[in-house]
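Student: got a sequence here, can you model it:
(one chain, ligands or ions: 1)
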Amino acid sequence: MSDKKYKTVEAPDGYVGEGFFATKLSEVVGLARSNSMWPLPFATSCCGIEFMATMAATYDIARFGSERMSFSPRQADMLMVMGTISKKMAPILRQVYEQMAEPKWVIAVGACASSGGIFDTYSVLQGIDKVIPVDVYVPGCPPRPEQILDGVMRLHEIVKAESVYRRGTKEYDELLKSYNIESK
Ligand code: SF4
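Tutor: Residues are numbered from 1 along each chain as shown. Model (predicted):
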(Lines give C-alpha, C1' and ligand atoms only; values in the text may rest on other atoms or scores of the structure.)
Protein backbone atom coordinates (compact mmCIF):
# COMPACT_ATOMS: atom_id res chain seq x y z
CA MET A 1 0.00 0.00 0.00
CA SER A 2 1.29 3.42 -0.88
CA ASP A 3 2.03 5.71 2.00
CA LYS A 4 1.66 8.72 -0.27
CA LYS A 5 -0.12 11.59 1.42
CA TYR A 6 -2.87 13.37 -0.46
CA LYS A 7 -3.60 16.95 0.33
CA THR A 8 -7.01 18.43 -0.39
CA VAL A 9 -7.20 22.03 -1.46
CA GLU A 10 -9.82 24.30 0.01
CA ALA A 11 -12.04 26.15 -2.47
CA PRO A 12 -11.75 29.92 -2.36
CA ASP A 13 -14.39 31.84 -0.45
CA GLY A 14 -17.67 32.30 -2.26
CA TYR A 15 -17.32 29.27 -4.55
CA VAL A 16 -18.92 26.62 -2.33
CA GLY A 17 -21.91 26.44 -0.10
CA GLU A 18 -24.93 24.31 0.49
CA GLY A 19 -27.56 24.49 -2.27
CA PHE A 20 -25.53 26.84 -4.42
CA PHE A 21 -24.05 26.57 -7.86
CA ALA A 22 -23.50 29.03 -10.67
CA THR A 23 -25.11 28.57 -14.10
CA LYS A 24 -27.00 30.46 -16.79
CA LEU A 25 -30.77 30.81 -17.03
CA SER A 26 -30.80 29.54 -20.62
CA GLU A 27 -28.94 26.36 -19.55
CA VAL A 28 -31.43 25.59 -16.78
CA VAL A 29 -34.37 26.25 -19.12
CA GLY A 30 -32.74 24.13 -21.86
CA LEU A 31 -32.16 21.26 -19.43
CA ALA A 32 -35.75 21.37 -18.19
CA ARG A 33 -37.21 21.61 -21.68
CA SER A 34 -35.08 18.85 -23.15
CA ASN A 35 -35.97 16.36 -20.43
CA SER A 36 -39.71 16.87 -20.61
CA MET A 37 -40.56 16.88 -24.30
CA TRP A 38 -44.06 15.61 -24.93
CA PRO A 39 -44.42 14.09 -28.40
CA LEU A 40 -47.27 14.49 -30.82
CA PRO A 41 -47.00 11.31 -32.90
CA PHE A 42 -48.23 12.06 -36.41
CA ALA A 43 -48.01 8.50 -37.68
CA THR A 44 -49.46 7.61 -41.04
CA SER A 45 -47.78 4.31 -41.95
CA CYS A 46 -45.05 1.74 -41.26
CA CYS A 47 -42.64 4.07 -39.41
CA GLY A 48 -45.40 4.52 -36.84
CA ILE A 49 -45.05 0.84 -35.92
CA GLU A 50 -41.37 1.44 -35.09
CA PHE A 51 -42.45 4.31 -32.89
CA MET A 52 -44.83 1.97 -31.03
CA ALA A 53 -41.80 -0.23 -30.26
CA THR A 54 -39.88 2.89 -29.18
CA MET A 55 -42.63 3.62 -26.64
CA ALA A 56 -42.81 0.06 -25.31
CA ALA A 57 -40.83 -1.51 -22.46
CA THR A 58 -37.63 -2.55 -24.27
CA TYR A 59 -36.76 0.87 -25.68
CA ASP A 60 -38.85 2.84 -23.20
CA ILE A 61 -39.03 6.44 -24.37
CA ALA A 62 -40.12 7.30 -20.81
CA ARG A 63 -36.41 7.28 -19.90
CA PHE A 64 -36.22 10.58 -21.78
CA GLY A 65 -39.27 12.16 -20.15
CA SER A 66 -41.34 11.67 -23.31
CA GLU A 67 -43.83 9.00 -22.28
CA ARG A 68 -46.74 11.41 -22.28
CA MET A 69 -48.12 11.25 -25.81
CA SER A 70 -50.17 14.20 -26.89
CA PHE A 71 -52.67 13.22 -29.56
CA SER A 72 -53.67 16.84 -29.83
CA PRO A 73 -51.55 19.94 -30.42
CA ARG A 74 -52.25 20.97 -26.83
CA GLN A 75 -49.24 20.64 -24.53
CA ALA A 76 -47.22 18.96 -27.30
CA ASP A 77 -43.61 20.10 -27.73
CA MET A 78 -42.20 17.67 -30.26
CA LEU A 79 -44.05 16.90 -33.49
CA MET A 80 -42.85 13.49 -34.70
CA VAL A 81 -43.90 12.84 -38.27
CA MET A 82 -43.69 9.16 -39.13
CA GLY A 83 -44.79 7.81 -42.45
CA THR A 84 -45.75 8.76 -45.96
CA ILE A 85 -47.42 12.16 -46.16
CA SER A 86 -49.61 12.59 -49.19
CA LYS A 87 -50.08 16.02 -50.71
CA LYS A 88 -53.70 15.89 -49.54
CA MET A 89 -52.49 15.34 -45.99
CA ALA A 90 -49.95 18.20 -46.08
CA PRO A 91 -52.41 21.00 -45.12
CA ILE A 92 -53.56 18.94 -42.11
CA LEU A 93 -49.97 18.43 -40.97
CA ARG A 94 -49.34 22.12 -41.33
CA GLN A 95 -52.49 22.97 -39.38
CA VAL A 96 -51.40 20.68 -36.54
CA TYR A 97 -47.98 22.38 -36.52
CA GLU A 98 -49.53 25.83 -36.47
CA GLN A 99 -51.82 24.87 -33.59
CA MET A 100 -48.92 23.75 -31.37
CA ALA A 101 -47.79 26.36 -28.88
CA GLU A 102 -44.22 27.69 -28.87
CA PRO A 103 -41.64 26.48 -28.16
CA LYS A 104 -42.07 23.52 -30.51
CA TRP A 105 -39.75 21.27 -32.47
CA VAL A 106 -40.15 18.81 -35.34
CA ILE A 107 -38.57 15.43 -36.09
CA ALA A 108 -39.00 13.85 -39.54
CA VAL A 109 -38.84 10.13 -38.80
CA GLY A 110 -37.84 7.91 -41.71
CA ALA A 111 -37.24 8.33 -45.41
CA CYS A 112 -40.87 9.12 -46.31
CA ALA A 113 -41.25 12.02 -43.88
CA SER A 114 -37.75 13.28 -44.69
CA SER A 115 -37.85 13.10 -48.48
CA GLY A 116 -40.84 11.16 -49.77
CA GLY A 117 -38.76 7.97 -49.59
CA ILE A 118 -39.39 5.46 -52.34
CA PHE A 119 -42.64 7.18 -53.29
CA ASP A 120 -41.48 9.60 -55.92
CA THR A 121 -45.00 10.00 -57.24
CA TYR A 122 -47.47 12.78 -58.06
CA SER A 123 -49.45 12.22 -54.86
CA VAL A 124 -46.72 12.10 -52.19
CA LEU A 125 -45.14 15.10 -50.50
CA GLN A 126 -41.37 14.93 -51.14
CA GLY A 127 -40.43 15.69 -47.53
CA ILE A 128 -42.37 17.47 -44.81
CA ASP A 129 -39.91 20.37 -44.92
CA LYS A 130 -41.83 21.49 -48.00
CA VAL A 131 -44.59 22.66 -45.62
CA ILE A 132 -43.11 23.02 -42.10
CA PRO A 133 -39.62 23.61 -40.67
CA VAL A 134 -37.81 20.47 -39.48
CA ASP A 135 -35.19 20.29 -36.70
CA VAL A 136 -34.00 16.67 -36.98
CA TYR A 137 -34.17 14.10 -39.79
CA VAL A 138 -34.01 10.41 -38.88
CA PRO A 139 -32.84 8.26 -41.82
CA GLY A 140 -34.02 4.73 -42.57
CA CYS A 141 -36.86 2.80 -44.14
CA PRO A 142 -37.93 2.11 -41.50
CA PRO A 143 -35.55 3.48 -38.88
CA ARG A 144 -35.06 1.12 -35.94
CA PRO A 145 -36.22 2.30 -32.49
CA GLU A 146 -32.55 3.00 -31.62
CA GLN A 147 -32.42 5.46 -34.53
CA ILE A 148 -35.63 7.15 -33.42
CA LEU A 149 -34.19 7.52 -29.92
CA ASP A 150 -30.98 8.86 -31.44
CA GLY A 151 -33.09 11.48 -33.23
CA VAL A 152 -34.77 12.41 -29.95
CA MET A 153 -31.37 12.71 -28.24
CA ARG A 154 -30.04 14.89 -31.04
CA LEU A 155 -33.05 17.12 -30.63
CA HIS A 156 -32.25 17.30 -26.90
CA GLU A 157 -28.83 18.69 -27.78
CA ILE A 158 -30.45 21.35 -30.00
CA VAL A 159 -32.96 22.27 -27.29
CA LYS A 160 -30.27 22.47 -24.60
CA ALA A 161 -28.17 24.79 -26.74
CA GLU A 162 -31.05 26.98 -27.87
CA SER A 163 -31.30 30.48 -26.49
CA VAL A 164 -34.45 31.17 -24.47
CA TYR A 165 -34.86 34.19 -26.70
CA ARG A 166 -34.75 32.35 -30.04
CA ARG A 167 -38.52 32.37 -30.52
CA GLY A 168 -39.43 35.91 -31.38
CA THR A 169 -36.08 36.77 -32.93
CA LYS A 170 -35.89 38.20 -36.43
CA GLU A 171 -34.24 35.01 -37.75
CA TYR A 172 -36.99 32.81 -36.32
CA ASP A 173 -39.70 35.06 -37.73
CA GLU A 174 -37.99 34.92 -41.12
CA LEU A 175 -37.83 31.13 -40.95
CA LEU A 176 -41.58 30.97 -40.33
CA LYS A 177 -42.23 33.61 -42.95
CA SER A 178 -40.36 31.48 -45.52
CA TYR A 179 -43.07 28.86 -44.88
CA ASN A 180 -45.80 31.46 -44.96
CA ILE A 181 -46.55 30.77 -41.30
CA GLU A 182 -47.46 33.63 -39.02
CA SER A 183 -45.34 33.89 -35.87
CA LYS A 184 -47.29 34.20 -32.63
S1 SF4 B 1 -39.80 5.25 -44.61
FE2 SF4 B 1 -40.21 3.13 -45.18
S3 SF4 B 1 -40.99 2.20 -43.31
FE4 SF4 B 1 -41.18 4.44 -43.05
S5 SF4 B 1 -43.24 4.96 -43.76
FE6 SF4 B 1 -41.86 5.15 -45.50
S7 SF4 B 1 -41.99 3.16 -46.54
FE8 SF4 B 1 -42.79 2.89 -44.47
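Student: nearest spatial neighbour of Cys46, chain-adjacent residues omitted?
Tutor: Using CB to CB, 6 or more residues apart in numbering and skipping residues adjacent in sequence, the residue nearest Cys46 is Pro142, 5.4 Å away. (Each C-beta comes from the backbone N, C-alpha and C, glycine too.)
Student: quick check, the one you found in a helix?
Tutor: No: when the secondary structure is assigned by DSSP: H, G, I helix; E, B strand; the rest coil, Pro142 falls in coil instead of a helix.
Student: which parts of stretch 8-16 are buried?
Tutor: Of the residues in stretch 8-16, none are scored as buried under the neighbour-count criterion (16 or more other CB atoms under 10 Å).
Student: tell me how many other residues crowd Ser115.
Tutor: Counted with other CB atoms under 10 Å, the burial measure for Ser115 works out to 19 neighbours.
Student: wait, it touches Gln126, no?
Tutor: Yes: applying CB atoms under 8 Å, one finds Ser115 in contact with Gln126, separated by 6.2 Å.
Student: mind listing the strands for this protein?
Tutor: Using DSSP state E, the strands of the chain run over residues 39-43, 78-82, 105-109, 136-138.
Student: let me know the average pLDDT across the second one.
Tutor: What it means is strand 78-82. With pLDDT averaged residue by residue, strand 78-82 scores 98.
Student: same check, this time on the shortest one
Tutor: For strand 136-138, the per-residue pLDDT values average out at 98.
Student: distance from the chain centre to that strand, please.
Tutor: When distances are taken as CA atoms, centre = their mean, to the nearest Å, strand 136-138 is centred 9 Å away from the chain's centroid.
Student: what's the pLDDT at Phe20?
Tutor: According to the predicted model, the pLDDT of Phe20 comes to 67.
Student: what residues does this protein put near the ligand?
Tutor: The interface of the chain toward the ligand, taken as CB under 6 Å from any ligand atom, is made up of Ser45, Cys46, Cys47, Gly83, Thr84, Gly110, Ala111, Cys112, Gly117, Cys141, Pro142.
Student: can you get me a residue count around the nearest residue to the first one once chain neighbours are set aside?
Tutor: Pointing back at Ser45 there. On the basis of CB to CB, 6+ apart, the spatially nearest residue to Ser45 that is not a chain neighbour turns out to be Gly83, at 3.6 Å. For Gly83, the count of nearby residues is 22 (other CB under 10 Å).
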